[in-house]
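# can't give you the sequence, but here's the structure:
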DNA sequence: GCAAGGTTTGACCCCAGAGTCAATAGCATT
DNA sequence: AATGCTATTGACTCTGGGGTCAAACCTTGC
């Protein structure tokens, strides 16, 4: 009989992690409705049935995927250096958010911009994740405003505009080649900086 | 037998118009996948079957709906007064786009921001509609820049940012009450004007 | 090798929703 | 009232995809 409960648990966790990651990819690419559990299973080289061994259903899997997408992303921004002039830090944050969106998470759009393309049960959580994500930007902006380095017309409106513009970037950037893409992302970041110019 | 072919045609056109309008509403509210043809039929007090008398299928109906959504909207912006300082005209355009988005077309988001939530066949057309829509803003911005009244970092990036921010407005504005909503829309328009400040 | 789990399978049910169509109803016109 | 269109119905098929489950398959410890 199995004694080493820990090892079993670790293996299980690892499997769950891979499933969630794959699901997140697909949900990002094709949206909630556009993603069949069979697609997820296929990409993992297993059968649909076995997914139900780990998750109660599609919604639960989607919930986990959202959780990962949202918090990984936010975490990466939170890890960025927190010193230097607010303007520079904000610009770096914007640029990084855009780069992540374009290169890794076309899901951005669906996750942050169209919450109602997800089942009702998940919307509240999505809003929370987004609020936390926004907070990263809010903090820097507030500091900058307090220090007189930055200025905004209205904090909420600015946040909404920043977020919408950044998250939508994959739509028109992803078809560009390497160099042109980098320039497009820079242009967008520079453009958005005008929103907080003193 | 029916002689007056014209009257028959007119009636038919009118019925088509109503169907398309209703479909546009629903697609806007719930997206392509979220809208069943039976829902459209129900809102029109007819049966699903009769829709097929006018349209070959869901995609064709969606195509018509998109056409209406896109061109009505653009047309309304194109009708706005074309005199006065560029900054003021642009501000009016932004404000109007936002108001239409919030009050009439929550569809905005789905139409302009998430083209790939529609069937493949429609995407090219959606891009065209959006390009034409953008043109209204592009023109004013170019005039303003030429006249030295406005300045942009990069025209494309600016357009993308403007559009994304405006179209996403329903998401956070629509739950606000009358006055607060107006203020939020004003704030957003003012915020966005910073993007083109000289 | 053999228990006692943990894990995966594949066949299955079921439903929502797209699409079809023969029959029926609603009209103008004569 | 009869004729010949146009329009609508409702019952039907079919497919995709979510969800279930008993049986088979691994793995690990004894």
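That came through fine. Note that this is a predicted model, so its numbers are computed, not measured. Numbering: from 1, shown residues only, chains lettered A, B, ... in the order given.

# Quick check: the nearest residue to residue A:190 once chain neighbours are set aside vs residue A:193, distance?
Leaving aside its chain neighbours, residue A:190 sits nearest to residue B:153 (4.7 Å; criterion: CB to CB, 6 or more residues apart in numbering or on different chains). Using the backbone N, CA and C atoms, a C-beta is placed for each residue, glycine as well. Between residue B:153 and residue A:193 the distance is 8 Å, computed by CB to CB, to the nearest Å.

# Kindly report the same for residue A:85.
12 Å.

# The two: which is more packed in?
residue A:193 (20 against 13; other CB atoms under 10 Å in any protein chain shown).

# that's a helix at that one, yeah?
Yes. Counting by DSSP: H, G, I helix; E, B strand; the rest coil, residue A:193 falls inside a helix.

# give the contact list for it.
A:87, A:90, A:91, A:94 (CB atoms under 8 Å, 6 or more residues apart in numbering or on different chains).

# State the distance from it to DNA strand D.
41 Å (CB to the nearest atom of the strand, to the nearest Å).

# got it, and residue A:60?
Counting by CB to the nearest atom of the strand, the gap from residue A:60 to DNA strand D is 8 Å.

# what's around that residue, how many residues?
15.

# host element of it?
Element membership of residue A:60 [criterion: DSSP states H and E] is helix A:58-78.

# hey, where'd the helices end up in chain A?
Using DSSP state H, the helices of chain A run over A:5-34, A:37-43, A:48-54, A:58-78, A:86-103, A:107-108, A:120-146, A:155-167, A:170-173, A:178-193.

# Go through these and find the least confident stretch.
Of all the helices of chain A, helix A:107-108 carries the lowest average pLDDT, namely a mean of 70.

# and chain A, which of its residues are near DNA strand C?
Counting by CB under 7 Å from any atom of the strand, chain A comes close to DNA strand C at A:1-2, A:8, A:11-12, A:15, A:45-50, A:52-54.

# Widest-spaced pair of the residues you listed?
A:1 and A:48 (29.7 Å; CB to CB).

# Compare those two and say which one has the larger neighbour count.
Neighbours were counted for residue A:1 and for residue A:48 using other CB under 10 Å; residue A:48 has more, 13 against 2.

# Am I right that that one is in contact with residue A:41?
Yes. Using CB atoms under 8 Å, residue A:48 makes contact with residue A:41 at a distance of 4.5 Å.

# State which one residue of chain A is found closest to DNA strand C.
residue A:49 (2.4 Å; CB to the nearest atom of the strand).

# And that residue, how close does it get to chain B?
With distances taken as CB to the nearest CB, to the nearest Å, residue A:49 is found 25 Å from chain B.

# now swap in residue A:42 and tell me
Taking CB to the nearest CB, one finds residue A:42 at 20 Å from chain B.

# Next: residue A:59.
15 Å.

# Can you name the residues that contact that residue?
A:119, A:121, A:122.

# who wins for most neighbours among these?
Within the contacts of residue A:59, most neighbours by other CB under 10 Å means residue A:122, with 21 neighbours.

# For burial, what's the neighbour tally of residue A:21?
As a burial measure, residue A:21 scores 16 neighbours (other CB under 10 Å).

# check contacts around it.
residue A:68.

# try 10 Å this time
Residue A:21 is in contact with A:44, A:64, A:65, A:68, A:69, A:72, counting by CB atoms under 10 Å, 6 or more residues apart in numbering or on different chains.

# Would you confirm that the last one contacts residue A:111?
Read it as residue A:72. No. Here residue A:72 does not reach residue A:111: they are 11.3 Å apart, not a contact under CB atoms under 10 Å.

# And these two? Which one has more around it.
residue A:111 (27 against 14).

# Can you tell me the closest non-neighbouring residue to that one?
Leaving out its chain neighbours, the residue that sits closest to residue A:111 by CB to CB, 6+ apart is residue A:69, at 5.6 Å.

# Surely the one you found touches residue A:76?
No. Proximity of residue A:69 to residue A:76 does not meet the contact threshold set by CB under 10 Å, at 11.5 Å.

# So those two - more neighbours on which side?
Taking other CB under 10 Å, residue A:69 and residue A:76 do not tie; residue A:69 has more neighbours (26 against 14).

# Stretch A:171-183 near chain B at all?
Yes. For a cut-off given as CB under 10 Å from any CB of the partner chain, stretch A:171-183 has contacts with chain B, namely A:171, A:172, A:173, A:183.

# try stretch A:78-87
No. Residues of stretch A:78-87 contacting chain B under CB under 10 Å from any CB: none, with a closest distance of 14.2 Å.
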